[in-house]
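Enquirer: Next one to model:
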Amino acid sequence: MEKQKFEEALKQLEEVVAKLEGNIPLDEAVKEFQKGIELSKTCMENLKEEKGKLQLLMDDLNGLTEDFKLD
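Expert: Sure thing, here's the model as predicted:
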């Protein structure tokens, strides 16, 4: 199964929040809340992965700029 994209998960999470803000039966609210938690996890995992990629890029950039420092 392909990993859900951040933007898709965030859009669905916004839809869940909108439903929860409405007047829905408790059992449906609990299901939507569960769905929201899973979508939140997906978003956080995506952000964590991207943060890791950015950190690697920054480390590479810092390594390159070390060569150009004037002492």
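
Enquirer: if I pick the residue nearest in space to the middle of the chain, what's in contact with it?
Expert: The chain has Cys43 as the residue nearest its centroid, 2.3 Å off, counting by C-alpha atoms, centre = their mean. For Cys43, the contact set (C-beta atoms under 8 Å, 6 or more residues apart in numbering) comprises 6, 9-10, 13. Using the backbone N, CA and C atoms, a C-beta is placed for each residue, glycine as well.

Enquirer: Who wins on neighbours among those residues?
Expert: Within the contacts of Cys43, most neighbours by other C-beta atoms under 10 Å means Ala9, with 20 neighbours.

Enquirer: Leaving out chain neighbours, which residue sits closest to that residue?
Expert: The spatially closest residue to Ala9, leaving aside those adjacent along the chain, is Thr42, at 4.3 Å (C-beta to C-beta, 6 or more residues apart in numbering).

Enquirer: In this structure Leu47 contacts Phe6, no?
Expert: Yes: counting by C-beta atoms under 8 Å, Leu47 touches Phe6, with 7.1 Å between them.

Enquirer: so the closest residue to the residue nearest to the centre of the chain other than its chain neighbours is in which element?
Expert: Among residues not flanking Cys43 along the chain, Ala9 sits closest, at 5.1 Å (C-beta to C-beta, 6+ apart). If you go by DSSP states H and E, Ala9 is part of helix 6-21.

Enquirer: Could I get the buried residue list for that helix?
Expert: Across helix 6-21, burial judged by 16 or more other C-beta atoms under 10 Å covers 6, 9-10, 12-13, 16, 19.

Enquirer: Then stretch 38-49?
Expert: 39, 42-43, 46.

Enquirer: what's the answer for stretch 19-36, then?
Expert: Across stretch 19-36, burial judged by 16+ other C-beta under 10 Å covers 19, 32, 35-36.

Enquirer: ok, back up a step: next SSE after the helix holding Ala9?
Expert: Once the chain leaves helix 6-21, the next helix or strand it forms, by DSSP H and E, is helix 26-66.
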